[in-house]
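**Q** sequence first, predicted model second:
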Amino acid sequence: MSYRNRELVNLLVVGVMTGFGFASVYIARQDVISASSLSYGIFFLCLYAVAHVVTRFTVPNADPYILPLGGLLTAVGVTEIYRINPQDALRQSIWIVVGLAAFSATLFLLRRDYRRLEGFKYLCGVGAVGLLVLPALPHFGQRVNGARLWIHVGGLQIQPGEFAKLLLIVFLAGYLREKREVLAQGRLKDLGPLLLIWGAAMLVLLETSDLGSALLYFGIFLCLTYVATGRGLYVGGGLALFVAGASFVYKFGPHRVHERVDAWLNPWHYIHSIAYQTVQGLYAIANGGFGGTGFGKGTFSDTAGNVLIPDLKTDMIFSALAQELGLIGISAFLLVYMVFALRGFRIAMGAEDGFSKLLAVGLTFGFAFQTFIIVGGVLRIIPLTGITLPFVSYGGSSIVANFMVLAGLLLVSDRAQNRTALPRTP
């Protein structure tokens, strides 16, 4: 079976699972099966069928599992969001359409040779910092839950940091590909432009109190530096700087940071104040047990209709899924992310040029590390940060950016497979 036919079969399975998921929510809420449950499954199937046609035309030899995995995650996310608020699910579905449009546009524009992005690496680095600056500008950005993450463009609310992440990965991949040999030799002066762009990004993130993204960018920076140079010294030095910087920010930074850490270290002491969200999320997970309550049967509000878990559809959607899927189901759900990361790193290993390898590693690691940050925060492994669960949390900017990550990985995979298929000259 060809790669694209294998992809189509997997997408058919995702479409059927989406229909069953919505049907289970309808049954739990109304004790009947509505035609709307089938319409959502058909909608997803048709939508991803269009995406499949685009991949068949633009990247015929690309990995056949990346797109179905993304489709499965979006299906789980929009099903759970519908269970929480049907109107939000409709808006999320519209953003999925926009995300797949961005996915298709990326494939069409870069199908010839995505490596030309390397020539714009410095522009991408400056652009990443510029996007991060936007929410900090007076009368332009909007503060939500103590962090300035959003800007208004017309009637839309956009989170520029999601797209700045992609530009920063392109910059790091291009610069480290060019300088990896001298950096591997320990020439620290060549770290100048790298540290300048990264340092500016970190300062902006601290100014906007977007600490989740700061941690994400720091992890991507260390990962790509290590992959490019193979020197553990950079990782060790970076971790030492991180510990020192984290201690400084905890003591002298925004009060919001101090509260996040206190809620993480001793949530039961602050159960009625700053740790209320964390504790309620843990209660929801525990309520799921091994088998879960089932889609549509979780308890997310009291008898008076008051919401028990703040920001359930965004920061805490993992708690909702864990309650309704149980330990078994949520473990399978996390395995989907692990398989996605496995396929992404496999694509990176198959790439032959340095820029492609670093680009695939950066996109995959950023996706996986972002998942760890939000899941780890909900489970109290690390302090909770306001970052999205890729493809699942409610949010248009995150959906669009993650579909562009999919497109980037498929472009790298297709080029690697094409080069493998070409006959080698003696």
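**A** Thanks, I have it.
**Q** and the strands in the stretch 151-300 of the chain?
**A** 156-158 (DSSP state E, counting those that start in this stretch).
**Q** what about the helices in it?
**A** Along the stretch 151-300 of the chain, counting by DSSP state H, counting those that start in this stretch, helices occupy 161-184, 192-207, 211-229, 232-252, 255-265, 276-288.
**Q** buried stuff in the third one?
**A** By 16 or more other C-beta atoms under 10 Å, the buried positions in helix 211-229 come out as 211-229. Any C-beta I mention is one placed from the backbone N, CA and C, and that applies to glycine too.
**Q** related to what we said a few turns ago, between the helices of the stretch 151-300 of the chain, which gets nearest to residue 308?
**A** Proximity to residue 308 (C-beta to C-beta) singles out helix 276-288 among these, at 5.5 Å.
**Q** the closest one packs against which elements?
**A** With contacts taken as 3 or more C-beta pairs under 8 Å, 6 or more residues apart in numbering; DSSP states H and E, helix 276-288 sits against helix 317-350, helix 354-378.
**Q** give me the angle between it and helix 317-350.
**A** When axes from the mean of the first three to the mean of the last three C-alpha atoms, to 10 degrees is applied, the directions of helix 276-288 and helix 317-350 differ by 90 degrees.
**Q** give the buried residues for helix 276-288.
**A** Across helix 276-288, burial judged by 16+ other C-beta under 10 Å covers 276, 277, 278, 279, 280, 281, 282, 284, 285, 287, 288.
**Q** if we can go back for a sec, and the helices and strands packed on helix 276-288: which comes nearest residue 249?
**A** That would be helix 354-378 among the helices and strands packed on helix 276-288, by C-beta to C-beta, at 16.2 Å.
**Q** residues of that closest one that come out buried?
**A** 354-375, 377-378.
**Q** tell me the mean pLDDT over that helix?
**A** Regarding helix 354-378, the rounded mean pLDDT is 95.
**Q** name the helices or strands packed onto that helix?
**A** helix 161-184, helix 211-229, helix 276-288, helix 317-350, helix 396-421.
**Q** can you put those in CSV and add mean pLDDT and distance to residue 109?
**A** Shown next, in CSV, are the helices and strands packed on helix 354-378 (pLDDT from 0 to 100; distance: least, C-beta to C-beta, whole Å):
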stretch, mean pLDDT, distance to residue 109
helix 161-184, 88, 14
helix 211-229, 86, 23
helix 276-288, 93, 40
helix 317-350, 95, 20
helix 396-421, 89, 9
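**Q** of all those, which one is nearest residue 126?
**A** Nearest of those to residue 126, taken as C-beta to C-beta: helix 161-184 at 8.5 Å.
**Q** flag every buried residue along that closest one.
**A** 161-180, 183.
**Q** now do it against helix 232-252, angle only.
**A** 140 degrees.
**Q** give me the helices and strands touching helix 161-184, please.
**A** Counting contacts by 3+ C-beta pairs under 8 Å, 6+ apart, helix 161-184 is packed against helix 121-133, helix 192-207, helix 211-229, helix 354-378, helix 396-421.
**Q** tell me how many other residues crowd residue 344.
**A** Residues near residue 344, counting by other C-beta atoms under 10 Å, number 28.
**Q** any idea how far it is from residue 78?
**A** Plainly put, residue 344 is 23 Å away from residue 78 if you go by C-beta to C-beta, to the nearest Å.
**Q** excluding chain neighbours, what is closest to residue 269?
**A** residue 275 (7.4 Å; C-beta to C-beta, 6 or more residues apart in numbering).
**Q** so residue 19 sits against residue 41, correct?
**A** Yes. Look at residue 19 against residue 41 with C-beta atoms under 8 Å: they come within range, at 2.6 Å.
**Q** distance to residue 390 for the helices and strands packed on helix 276-288 - can I get that in CSV?
**A** Output for these, formatted as CSV (distance: least, C-beta to C-beta, whole Å):
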stretch, distance to residue 390
helix 317-350, 8
helix 354-378, 6
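**Q** how much space separates the nearest residue to residue 385 once chain neighbours are set aside from residue 79?
**A** Nearest non-adjacent residue to residue 385, counting by C-beta to C-beta, 6+ apart: residue 212, 3.0 Å away. In this view, residue 212 and residue 79 are 25 Å apart by C-beta to C-beta.
**Q** state the mean pLDDT of stretch 84-101.
**A** On average, stretch 84-101 scores 91.
**Q** quick one: buried residues of it?
**A** Under 16+ other C-beta under 10 Å, the buried positions of stretch 84-101 are 84, 89, 92, 93, 95, 96, 99, 100.
**Q** wait, residue 232 touches residue 238, no?
**A** No. Counting by C-beta under 8 Å, residue 232 stays clear of residue 238, with 10.3 Å between them.
**Q** neighbour count winner among these two?
**A** Per other C-beta under 10 Å, whichever of residue 232 and residue 238 has more neighbours is residue 238, with 17 against 9.
**Q** skipping adjacent residues, who's closest to that one in space?
**A** That would be residue 222: by C-beta to C-beta, 6+ apart, it lies 4.6 Å from residue 238.
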